[in-house]
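Asker: need a structure here:
(chains A and B)
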Amino acid sequence: MDISFDLTIAWALLLAFAVYVYVALDGFDLGIGILYPFFPEKRDRDLLMNSVAPVWDGNETWLVLGGGGLFAAFPLAYAIIMPAVYPLIIAMLLALIFRGVAFEFRFRAEHRWAQKLWDGAFIGGSVLAAFVQGVILGALLQGIEVDGRAYGGGWWDWLTPFTQVCGLAVVCGYALLGACWLNIKVEGAIQARVRRLARIAALLTVGFIVAVSLWTPFLDPAYFERWLGWPDILKVAAVPIVVAVLILALGRALLREGRDWLPLGLALALFLLCFIGLGVSMWPYVIPPSVTIWDAASPFKSQLFMFVGAVVLVPIILAYTGYAYWVFRGKLDPEQGYH
Amino acid sequence: MDTFLGLDALMLARIQFGFTIAFHFIFPAFTIGLASYLAVLNGIYLWTKDSRYLDLFSYWVKIFAITFAMGVVSGIVMSYQFGTNWSVFSDRAGPIIGPLMAYEVLTAFFLEAGFLGIMLFGRDRVGPALHMTACLMVAAGTAISATWILSVNSWMHTPVGFAMGDNGQFLPQDWWAIVFNPSFPYRLAHTLIAAYLATAFIVGGVGAWHLLRRRADAHGVRKMYSMAMWMALLVAPLQIVAGHEQGLNTLEYQPPKIMAMEGHFESHENGIPLVLLGLPNQEEGRVDYKIEIPRVGGLILGQGWNGSMAGLDTVPDALEPPVAVVFWSFRVMVGLGLLMLAVGLWSGWARWRGTLYTDRWLHRASVLMAPAGLVAIIAGWITTEVGRQPFTVYGEMMTADSASPIAASAVGASLMAFIVIYFAVFGAGILYILRLMWYPPHRREPDAKSEPGPIRTAGSTPAQQVEESTSQPAE
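Answerer: Purely as a prediction, here's the structure:
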C-alpha cells in the first residue's frame, strides 16, 4: 500500500513533467505561428517555419503523452475533465490539425492564394490552440463540478473572465517562447525584429503572470490559505520572489546583445516557476476542488506496469530527442531551408 | 429524447468515432507500408549506389512526409476522443487500455517523431549510416505503434486477464495475458500485412500510371512497378491465409460476428452452406434472394462437409450486430482481396512472359486497383467493429453504457465540424499527394553531387515544374 501511495505521487510528477516539456517545446513552435502575422514576407515566413520543421512532430508528441498518461494513470480525471471542457478540446484538436498540416501543405501549394490560405491556417491554428490550452488550464484551476464519477457541471462553466485571461496569458507566453527560440535560430535584421517582438511579448506575459497570480488566491479560499495564510506564506513566498528575479534577468537579457540562448533559457525557467506555482495551488487535487490524485489513480498494477516502462523509456526519449535537436542546431541559412 | 438531426447522442458519438478513426487509419496504414519501403529503397541505394533507388526514395519520401503529418494530427484527435466522447468507457477500461496506449506513445510515437526530422532533412547532416538508422527507426516506430494499438483493440474484442472492481473498473491481473490476448496475434498479422499490401498497390498503381503514360525516367518507374508487383504477388496470398486464420479465431470468440458476416440467420446441422450474395433481412431473420453453395461454408470454417453451426436465431435480438453492414463490408473486403490476388498472379504471369512493362491491360488494372488495399482495410475494420456490437468490451461492457454524458447537440456540432474540416483539410492533402504522384520521379542532374542536398528547398516547386515541363517532349 505504501508503494502504491508513492507511485501515485510519482505519476503525478511524471505527468507534470510531460506537460511541462510539452509547454516548453510546443510552446515555442506554436509561438512561431502566433508571431507569423508580424512577418508578412514569404521569405521570412519560410525561414521561421524551417526553424521548427524538423522537430514539431516530436514536440506535439508530448501532448499525446500528457493526454495518454492522464488516461492511463488517472483515468477518472481524464473521464471527468474531457467532457467538462468538451468544446475546448475539440477546438484545440481542430486547431492543431490546421497548423500541423500547414507545415507540409504550405510548401506544396503552387498558387499564391493557396499559400496564403495555409499561412492563415498556421496562424489561426497556432493562436487558437494556445488560447484554448490557457482556457483549459484556467477552467481546471477555477474548479470543475463533479457528480459521482462524472462531470456534473454545465456546458459553459469554463467560460469565465478568469479563463479568458488565462487563455490570453498562454498566447503571449508562447509568443515569448517563439521569439526567444527564433533569437537563437536567425541572425541579422530579422533577428533584430525578433528581439523587439520578444521584448513586447515579455512585457505582456509578465503582465498576465501578475494578473493571474493575484487573481488565483481569490478563486477559492483554499488557494488563499495556501498562498497568503500564515505560516504557509513563508514556504511559498520563494515562488514569486524567484519569478521576480527571473523577470529582471529576462529583461536584461533581452535588452543586451549576445548570448542568444539566454532569453529562451530564462523564459523557460519563468514558465517552470509558473508551473510550480500551479502545482502549489492545486496539490494534491487533480481536479480541484474535489478529486485528489489518489481518488483518480488507476490501480497499482496499472501504474506499476507503466512506470517500469516510463522510467526506462523517458530518458531514452529525451536522449534521442536531444540528439535530433543537436543535429539541427545553429543559425539557419536563409538560402538553404530544409524544405 | 435529446437528438440532433434525428440521431441521439450515442449514435452521434459512434458516427464521430467511426468517421474520425476510418479517416485516420488510412494515413498510418499507408505510412506503415511506405516507411518500410523507404527503408528498403535507402538500404539498396547505400548497398548498390544505384541512383535510381535514391530517386525513388526522394520521390516517395515527399509523399510520406505529407501522409505522416496527416496521420499525426488526425491521431491526436483519437487520443483525446476516448475522454471527450467515451468518458464512462475511459473511466472503467482506463486501467487496462490507458497503459497500453501510453506504451504506444513511449515506444512508438516518440521514436517516429524523433527520427522523422533526420530521415526527411538530415541526410547531409548526419551521414549515410545514421540517416539509414533514422529510416529504420521510423519504420520500426510505425510497426511498434500498430502492435500496441492492435493489442488494445484486440483486448476489447477478446478481454482477458482482468478482474472487475467494485467501482466498475476493469482491474488488470495479468499483463502478459492482456497484451497477448487471444485475438491479438491474428489481428496484428492481418493488419500489418494489409498495410504492406495496400502500399504495394498504391506504389504499383503509380508505377503503372507512368508506364502507361511512358514518361521520363522509365528506368526508375519500372523498378517501382516491379518491386510493387513482387510484393503484391507474394503478400496477397499470405493475406488471404492471415484473414482466414483471423476468421477462425473470430468464430471461436465472437460467433455472432461470423454469423452476421456469413449471413447465417438460421442454425445449420449437417452441412453449412456458403452464402455468396443476398439481401440480409434482420427483421424477418433471413437473407432474401440468397445465392448459396451447399456445404462449402462448413469447409471454410473448419467444420467439415457435415458440419453444424448455430445461427443468429440462437442470439437474443438485443445482442445481434447490425447484419447488413457486416455482411456487405465483409464482401467488399473479400472481393477486393481476391481482385488483388488476381492482379498479383497476373503480374507474376506477365513477368514470366517478359511483358511486365508492356502489358497495358495489366497497367490499367493496376491503376484502377491502386486504392483497393485501403478500401479493403476500411471495409475490414467496419466488419470487425460493427460485428462486435452491441459491445465496446466484448461480452463485458455495452456500447450504450460507454458514452460521455454529453448533449446530442454538442456531439452533433463537433461531428459536423470534424466532417467539414476533415474533408477540406485532408482532401487538400490527398490532392497534394495525387499531384506529386502525377509526375514521375526524375533523374538527378548529372552534375549534382553524389550525396543529394536537402530533398526539399523552399523554391523547388516551380523549378521542379520547369524541369518536368521540359522533360515532356522527350516522351
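
Asker: show me the shaky parts of the chain.
Answerer: All of this refers to chain A. A:1-5, A:334-339 (pLDDT under 70).

Asker: could you do chain B instead?
Answerer: Across chain B (using pLDDT under 70), the flagged ranges come out as B:1, B:215-219, B:444-475.

Asker: tell me, how many residues neighbour whichever residue of it sits closest to chain A?
Answerer: Scanning chain B for the residue nearest chain A gives residue B:94, at 2.5 Å (criterion: CB to the nearest CB). Where C-beta positions appear, they are placed from N, C-alpha and C, glycine not excepted. By other CB atoms under 10 Å in any protein chain shown, the residues close to residue B:94 number 30.

Asker: equivalent analysis for residue A:134, please.
Answerer: Residue A:134: 25 neighbours (other CB under 10 Å).

Asker: what of the one 4 residues further on?
Answerer: Applying other CB under 10 Å, we find 24 residues neighbouring residue A:138.

Asker: quick one: the helices in the stretch 301-450 of chain B?
Answerer: B:323-353, B:360-368, B:372-387, B:408-421, B:427-438 (DSSP state H, counting those that start in this stretch).

Asker: er, chain A I mean
Answerer: A:2-35, A:42-50, A:56-73, A:75-84, A:86-108, A:112-142, A:161-185, A:189-215, A:221-228, A:232-236, A:238-255, A:262-282, A:293-296, A:300-327 (DSSP state H).

Asker: with distance to chain B added, can I get these in TSV?
Answerer: Listed next are those as TSV, based on distance: least, CB to the nearest CB, whole Å:
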stretch	distance to chain B
helix A:2-35	9
helix A:42-50	4
helix A:56-73	3
helix A:75-84	2
helix A:86-108	4
helix A:112-142	8
helix A:161-185	14
helix A:189-215	15
helix A:221-228	25
helix A:232-236	31
helix A:238-255	28
helix A:262-282	19
helix A:293-296	9
helix A:300-327	4
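
Asker: and those: which comes nearest residue B:419?
Answerer: helix A:86-108 (11.5 Å; CB to CB).

Asker: please state the offset of the closest one from the chain centre?
Answerer: Computed by CA atoms, centre = their mean, to the nearest Å, the separation of helix A:86-108 from the middle of its chain amounts to 16 Å.

Asker: other SSEs contacting that helix?
Answerer: helix A:56-73, helix A:112-142, helix B:51-85, helix B:408-421, helix B:427-438 (3 or more CB pairs under 8 Å, 6 or more residues apart in numbering or on different chains; DSSP states H and E).

Asker: now the angle from it to helix A:161-185?
Answerer: Comparing the axes of helix A:86-108 and helix A:161-185 via axes from the mean of the first three to the mean of the last three CA atoms, to 10 degrees yields an angle of 30 degrees.

Asker: flag every buried residue along stretch B:232-252.
Answerer: B:232-233, B:235-236, B:239-240, B:242-243, B:246-247, B:249-251 (16 or more other CB atoms under 10 Å in any protein chain shown).

Asker: in helices only, show me the residues you listed.
Answerer: Assignment to helices by DSSP H places the following of the buried residues of stretch B:232-252 there: B:232-233, B:235-236, B:239-240, B:242-243, B:246-247, B:249-251.

Asker: kindly identify which of those residues also come near chain A.
Answerer: With CB under 8 Å from any CB of the partner chain as the criterion, these include none near chain A.

Asker: and the residues you listed, which two are the farthest apart?
Answerer: The two members of those with the most space between them (CB to CB) are B:233 and B:251, at 29.1 Å.

Asker: wait, what's in contact with the residue nearest to residue B:363 when sequence neighbours are not counted?
Answerer: Nearest in space to residue B:363, with sequence neighbours left out and distances taken as CB to CB, 6 or more residues apart in numbering or on different chains, is residue B:208 at 3.9 Å. For residue B:208, the contacting residues are B:225, B:362-364, B:366-367, B:370, by CB atoms under 8 Å, 6 or more residues apart in numbering or on different chains.

Asker: hmm, the longest helix belonging to chain B touching chain A?
Answerer: In chain B, assigned by DSSP H, the helix with the most residues is helix B:9-48. No. Judged by CB under 8 Å from any CB, helix B:9-48 and chain A are separated, with a smallest distance of 9.4 Å.

Asker: what's that helix packed up against?
Answerer: Helices and strands touching helix B:9-48, by 3+ CB pairs under 8 Å, 6+ apart, are helix B:51-85, helix B:123-157, helix B:184-213, helix B:372-387, helix B:408-421.

Asker: quick one, the third one and helix B:51-85 angle?
Answerer: Between the axis of helix B:184-213 and that of helix B:51-85 there is an angle of 130 degrees, by the same axes, to 10 degrees.

Asker: distance between helix B:184-213 and the chain's centre?
Answerer: Worked out by CA atoms, centre = their mean, helix B:184-213 lies 10 Å from the chain centre.

Asker: just want the angle from it to helix B:372-387.
Answerer: Using the same axes, to 10 degrees: helix B:184-213 against helix B:372-387 is 150 degrees.

Asker: do the same with the first one
Answerer: Interaxial angle of helix B:51-85 relative to helix B:372-387 (the same axes, to 10 degrees): 20 degrees.

Asker: distance from the chain centre to helix B:51-85, please.
Answerer: 13 Å.

Asker: anything in it near chain A?
Answerer: Yes. Helix B:51-85 reaches chain A (CB under 8 Å from any CB) through B:65-66, B:68-70, B:72-77, B:79-80, B:82-84.

Asker: beyond that helix, next helix or strand please.
Answerer: Using DSSP states H and E, the helix or strand that follows helix B:51-85 in sequence is helix B:87-104.

Asker: pull out the buried residues from that following helix.
Answerer: B:87-104.
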